[in-house]
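>>> Predicted model and sequence below, questions to follow.
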Amino acid sequence: MATADVSSYSDYLPLRISLLEKEKELTRLRDQITKQRNQLPLVAVDKSYEFVDSESGETLSLRNLFGDRKQLIVYHAMFSPDQEQACSSCTLFLDHIPPLEHLRSHNTNLVVVSRAKPEQIKAYKEKMGFDRFRWVSSYGQDFNYDYQVTVDKEKNPHYNFQPAEHWQQRKMPWFAEGEQPGHSIFVLGGEPKDGGVGKGGEAGKVYYAYSTYARGGEDAMTTLRWLDWTPLGRQDGQLEGAEGVGYKRRGEYSVEEVGAKH
């Protein structure tokens, strides 16, 4: 964090207006990127996957995860069969999932998928009080590997659409194996009159539209964006014992770390 100076409001105002122009540029650029993202072609999902609902034990197809909506957002939560808990940073993201009525009112469902076994997910879901969303297990399936959120030298040596060599050449961090975070978006094909999204394809068939990984999901984590507005910023590395993006799970903070509730 850069140290903020103290000044008069008359000195502050022109600097704030200058920053506002850059913020508007960013907003316009975000709109352009959104339009370009929405215009990406769709890829047919021809492979069959089976998921197990952590609550009911029901076996579900990818198509089943849509429910009666036309679009599906999958959040890939980092939780492997050999872990007792989901990743603390993914847990932070899950804390930000709102009531799904708002998404569903716009023809979109959201489901969380992890490679952990159903009973592991159920226990953690109950522990954290996650009752707003469906969380299913992809245990024993190729889904995580195919959508690049479980990195493995043999089954999937890629993350964020690039192999290890790409990130190593750019001197970027590389996770040689294991679970990684991400979002994947799926839609049902067909013209609007068939209940599709107007991009063609076979009516009712599942198509892959988009994935984002690494920091790509930050915009959905409002805690980070709220902190970005403050002079202290995100304060990375300030919380002792916190992993990932720097947060603990609810219930793990000390009174000193979070202070009074009001």
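Great, that's in hand. Numbers count the residues shown, from 1 in each chain.
>>> which parts of the worst-scoring helix or strand of the chain on mean pLDDT are buried?
Within the chain, no helix or strand scores below helix 164-169, which has a mean of 79 by mean pLDDT, DSSP states H and E. Neighbour counts using 16 or more other Cβ atoms under 10 Å place Trp167 of helix 164-169 among the buried residues. In short, each C-beta sits where N, CA and C put it, glycine included.
>>> Then stretch 115-125?
Buried, per 16+ other Cβ under 10 Å, within stretch 115-125: Arg115, Ala116, Lys117, Pro118, Gln120, Ile121, Lys122, Tyr124, Lys125.
>>> chain center to the least confident helix or strand of the chain: distance?
23 Å (Cα atoms, centre = their mean, to the nearest Å).
>>> What of stretch 30-39?
On Cα atoms, centre = their mean, the centre of stretch 30-39 falls 18 Å from that of its chain.
>>> Could you pull up the mean pLDDT of that stretch?
Mean per-residue pLDDT for stretch 30-39: 96.
>>> which residues of the chain fall in strands?
43-44, 50-53, 59-61, 71-76, 108-114, 134-137, 150-151, 158-159, 162-163, 178-179, 182-188, 206-213 (DSSP state E).
>>> Listing partners with orientation, what would you give for the third one?
So the one you mean is strand 59-61. Strand partners for strand 59-61, identified by DSSP bridges, are recorded as strand 50-53 (antiparallel).
>>> Using PDB, list the CA coordinates for the partner strand.
Once non-C-alpha atoms are left out, strand 50-53 reads as follows in PDB (Å, rounded to 0.1, in the frame of the first residue of the first chain):
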ATOM      1  CA  GLU A  50     -21.900 -38.200 -13.300                       C
ATOM      2  CA  PHE A  51     -22.100 -36.200 -10.100                       C
ATOM      3  CA  VAL A  52     -23.400 -37.100  -6.700                       C
ATOM      4  CA  ASP A  53     -25.500 -34.600  -4.700                       C
END
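>>> Run the chain-centre distance for it.
Taking mean C-alpha positions (Cα atoms, centre = their mean), strand 50-53 and its chain are 19 Å apart.
>>> what's the answer for stretch 234-241, then?
Worked out by Cα atoms, centre = their mean, stretch 234-241 lies 21 Å from the chain centre.
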